[in-house]
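Enquirer: fold the following and give me the result.
(one chain, ligands or ions: 1)
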Amino acid sequence: MKKALPLKGGSAGSRHGTKTQKELENVLKQYFGYSEFRGRQLEAIEAVLSGRDCFCLMPTGGGKSMCYQIPALVKTGIVLVISPLIALMENQVTSLKSKGIPAEFLSSTQTTHNKNKIHEDLDSGNPSIKLLYVTPELVATYGFKEKLTKLYSRGLLGLVAIDEAHCISTWGHDFRPSYRKISSLRKQFPDIPILALTATAVPKVQKDVISSLCLQNPVILKASFNRPNIFYEVRYKDLLDDVYADISNLLKSSGNVCSIIYCLERAACDDLTIHLSEQGISCAAYHAGLNSKVRSAVLDDWLSSRTQVVVATVAFGYSFFLHLPGI
Ligand SMILES: Nc1ncnc2c1ncn2[C@@H]1O[C@H](COP(=O)(O)OP(=O)(O)OP(=O)(O)O)[C@@H](O)[C@H]1O
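Expert: Model (predicted):
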């Protein structure tokens, strides 16, 4: 485990009362192994460290998580991360822990024993947890609000980060009613910075997110969506002799890279999965017709490279797409 950095206060010459760019880069290097910040990361980090609310628009895989993970390492108190997908939370917490960063998540999938341990830590005089991932549904409960209020009154709530913040907007394609309920956080904790993160660039959604969360004079950051590492090619189905054969040839010629194939219908997912399996390609279907146990096993197998290809409907969160190297 890496040695934890001193987490409190700023040093002489620090900007924003916290850390200089160099110091923040050192933290980035020490924990994540990267030498420099990407896109608008540094500005977002500086904004929240100076106590400002911030709305940050970055493409999928652009590095939004770093905008709250670095503050968690240099700021006093806990960073609360509100995230819509349990699988994403689990994934991030596992990855943070492997880097020696104390992070936890609270969700229905946790055992009572683990939940109790987390609550004990939060209730202790000096919690070790730096990042706590929760669902919007949990934040809306009375019991959890009470817990947050206690942390806040003890000066232990450092930042609220809202991942996939477009889910708060009724204009967004991923609208989640419980996200609306987290808008009360601004009133509840008036001086705690809120960082809203999204990859949804629709202006109507952005405005709605900012006003629904009652962000106060937020720093608004928009990163470029140009992705030079992404290559697009269109193949017309009507011009192909055999679409399935074309897909399996493409997969075979690309080596053993992890892939997702999106289909419009569940039946097409099942059908293509059978075809690719017959061609010796390791693959699995993922759609809402499968129970949650099967879906989570498919996701786990794919994330850990035991399965090469997932053939899915949009039920498979596209946010996983860019989380793996080599895709
Ligand atoms: N400054 C950086 N330099 C190099 N790589 C980075 C940097 N910041 C983040 N990354 C890497 O980029 C990848 C994507 O980061 P991250 O998961 O935070 O993206 P994201 O914007 O949250 O994506 P999504 O929209 O899917 O949630 C990760 O592997 C992360 O370690």
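Enquirer: where exactly do the strands run in the protein?
Expert: For the chain, strands defined by DSSP state E occupy the ranges 54-57, 78-82, 103-106, 131-134, 157-162, 194-198, 219-222, 259-262, 283-286, 309-312.
Enquirer: which helices and strands does the last one pack with?
Expert: Other helices and strands packing on strand 309-312, by 3 or more Cβ pairs under 8 Å, 6 or more residues apart in numbering; DSSP states H and E, are strand 259-262, helix 266-278, strand 283-286, helix 292-303. Where you see a C-beta, it was placed from the backbone N, CA and C, and this is true even at glycine.
Enquirer: isn't Gly77 right up against Leu148?
Expert: No: between Gly77 and Leu148 no contact is recorded; they are 11.4 Å apart, counting by Cβ atoms under 8 Å.
Enquirer: shared neighbours of the two, anything?
Expert: Contact criterion Cβ atoms under 8 Å, 6 or more residues apart in numbering; residues bridging Gly77 and Leu148 by contacting each: Leu157.
Enquirer: returning to what we had before: just send the helices and strands packed on strand 309-312 back as JSON lines, with distance to Gly158 and mean pLDDT too.
Expert: Rendered in JSON lines, the data for those read as follows (distance: least, Cβ to Cβ, whole Å; pLDDT from 0 to 100):
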{"stretch": "strand 259-262", "distance to Gly158": "35", "mean pLDDT": "92"}
{"stretch": "helix 266-278", "distance to Gly158": "43", "mean pLDDT": "95"}
{"stretch": "strand 283-286", "distance to Gly158": "36", "mean pLDDT": "95"}
{"stretch": "helix 292-303", "distance to Gly158": "29", "mean pLDDT": "87"}
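Enquirer: quick check: which of those is buried the most?
Expert: When these are scored by mean count of other Cβ atoms under 10 Å, the highest mean neighbour count falls to strand 283-286 (a mean of 25).
Enquirer: can you list the strands that that strand pairs with?
Expert: Within its sheet, and counting by DSSP bridges, strand 283-286 is paired with strand 309-312 (parallel).
Enquirer: so which bits of the partner strand are buried?
Expert: Residues of strand 309-312 classed as buried: Val309, Val310, Val311, Ala312 (neighbour count, 16 or more other Cβ atoms under 10 Å).
Enquirer: please list which of those residues are also close to the ligand.
Expert: When Cβ under 6 Å from any ligand atom is taken as the criterion, no member of these contacts the ligand.
Enquirer: now these as a markdown table including pLDDT?
Expert: Output for the buried residues of strand 309-312, formatted as a markdown table (pLDDT from 0 to 100):
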| residue | pLDDT |
| --- | --- |
| Val309 | 95 |
| Val310 | 94 |
| Val311 | 95 |
| Ala312 | 93 |
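Enquirer: ok, so of these, who is nearest Lys187?
Expert: Sorting the buried residues of strand 309-312 by distance to Lys187 puts Ala312 at the head of the list, at 39.5 Å, by Cβ to Cβ.
Enquirer: how about the contacts made by the nearest residue to the closest one once chain neighbours are set aside?
Expert: The shortest distance from Ala312 to any non-neighbouring residue, by Cβ to Cβ, 6 or more residues apart in numbering, is to Tyr286 (4.0 Å). Contact criterion Cβ under 8 Å, 6+ apart gives Cys269, Arg295, Val298, Leu299, Val310, Val311, Ala312, Thr313, Ala315, Phe316 as the residues in contact with Tyr286.
Enquirer: can you redo the helices and strands packed on strand 309-312 as a markdown table with distance to the ligand?
Expert: A markdown table is the format used below for these (distance: least, Cβ to the nearest ligand atom, whole Å):
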| stretch | distance to the ligand |
| --- | --- |
| strand 259-262 | 13 |
| helix 266-278 | 22 |
| strand 283-286 | 17 |
| helix 292-303 | 13 |
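Enquirer: that older thread, so which of the strands of the chain is nearest Asp121?
Expert: The stretch from those with the least distance to Asp121 (Cβ to Cβ) is strand 103-106; that distance is 7.7 Å.
Enquirer: between the helices and strands packed on strand 309-312, which gets nearest to Thr20?
Expert: Comparing the helices and strands packed on strand 309-312 by Cβ to Cβ, helix 292-303 comes nearest, at 36.3 Å.
Enquirer: any idea how far the closest one is from the chain center?
Expert: Distance of helix 292-303 from the chain centroid (Cα atoms, centre = their mean, to the nearest Å) equals 18 Å.
Enquirer: try stretch 287-306
Expert: On the basis of Cα atoms, centre = their mean, stretch 287-306 is displaced by 18 Å from the centre of the chain it belongs to.
Enquirer: same check, this time on stretch 222-242
Expert: Taking Cα atoms, centre = their mean, one finds the center of stretch 222-242 at 24 Å from the center of the full chain.
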